[in-house]
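Chemist: coordinates only, sequence not included:
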RNA sequence: CCCAUAUCUAA
């Protein structure tokens, strides 16, 4: 079973979902990891509905665990299934599943993508420990729901709490600047990016160009473009 | 690291 599980994951990672499913179907005695791996494969491929339907099948046979919930929540986030996501959250509480930072972040992401910002805040505020991914999820949640200003405040707050921003943080924050035309904040973020040594990354560079362009500063956009070593 | 898990991306 361990080998089959690994094989499922390997096929899924290389994009052969059908092969992955074939291996999964051929496992005679599936364990919780088998199910979780297959559900994760669908969720990571963006096939939320498929992931959720497999999750439904799994529930008939065995109890999901914390890792399964993470992928099921991601599937809910993809399809915007708020009700299903809330059901899973309730089950997590009922089963007294230990909330770790990954599960809590998955909850924030699900609520954010389903438009339930208040619920996302509730989870975020009650977290025992937050890492850079949790902050990123909350920043994205605000930005995706039209609260770009709050995203920028969160960025400031995470820096005050000595959490080191990463490339995902910067791309999200730059997009928030683009959306609101916040050129001065954008320039400050640009300086942080240089301090962090992220200015050479292509995706970060694209986000910088986009930010400057939308903030009416085509000069700076051009400068960033010219300084990029890798372009796409 | 230990079979599986979360966050960003232009038009």
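Modeler: Sure, I can see it. Small disclaimer: the values here were computed from a predicted structure and weren't measured.
Chemist: tell me the SS of the most far-flung residue of chain A relative to its centre?
Modeler: Here chain A reaches farthest from its C-alpha mean at residue A:28, the gap being 33.1 Å by C-alpha atoms, centre = their mean. When the structure is split into helix, strand and coil by DSSP: H, G, I helix; E, B strand; the rest coil, residue A:28 lands in coil.
Chemist: chain A: helices as residue ranges?
Modeler: For chain A, helices defined by DSSP state H occupy the ranges A:2-13, A:17-26, A:32-44, A:48-61, A:66-79, A:82-94, A:101-113, A:117-126, A:132-144, A:148-160, A:167-180, A:183-196, A:202-214, A:218-227.
Chemist: surely residue A:145 and residue A:118 touch.
Modeler: No. Counting by C-beta atoms under 8 Å, no contact exists between residue A:145 and residue A:118, whose distance comes to 10.2 Å. Every residue, glycine included, has its C-beta placed from N, CA and C.
Chemist: neighbour count: those two, which is higher?
Modeler: Neighbour comparison, residue A:145 and residue A:118: the larger count goes to residue A:145, with 17 against 7 (by other C-beta atoms under 10 Å).
Chemist: quick one: pLDDT of the more buried one?
Modeler: Confidence per residue is given as pLDDT, and for residue A:145 that number is 95.
Chemist: what do you get for residue A:128?
Modeler: If you check residue A:128, the pLDDT there is 88.
Chemist: neighbours around it, how many?
Modeler: Here the neighbour count serves as a burial measure; for residue A:128 (other C-beta under 10 Å) it reads 8.
Chemist: ok, now which ones touch it?
Modeler: When the contact criterion is C-beta atoms under 8 Å, 6 or more residues apart in numbering, the partners of residue A:128 are A:99, A:101.
Chemist: do residue A:223 as well
Modeler: Residue A:223 makes contact with no residue under the criterion C-beta under 8 Å, 6+ apart.
Chemist: give me the distance between it and residue A:211.
Modeler: The gap separating residue A:223 from residue A:211 is 13 Å, by C-beta to C-beta, to the nearest Å.
Chemist: what about stretch A:215-230, distance to the chain center?
Modeler: The chain centroid and the centroid of stretch A:215-230 are separated by 28 Å, computed with C-alpha atoms, centre = their mean, to the nearest Å.
Chemist: and that stretch, which residues are buried?
Modeler: Using 16 or more other C-beta atoms under 10 Å as the test for burial, stretch A:215-230 gives A:215, A:220-221, A:224-225, A:228.
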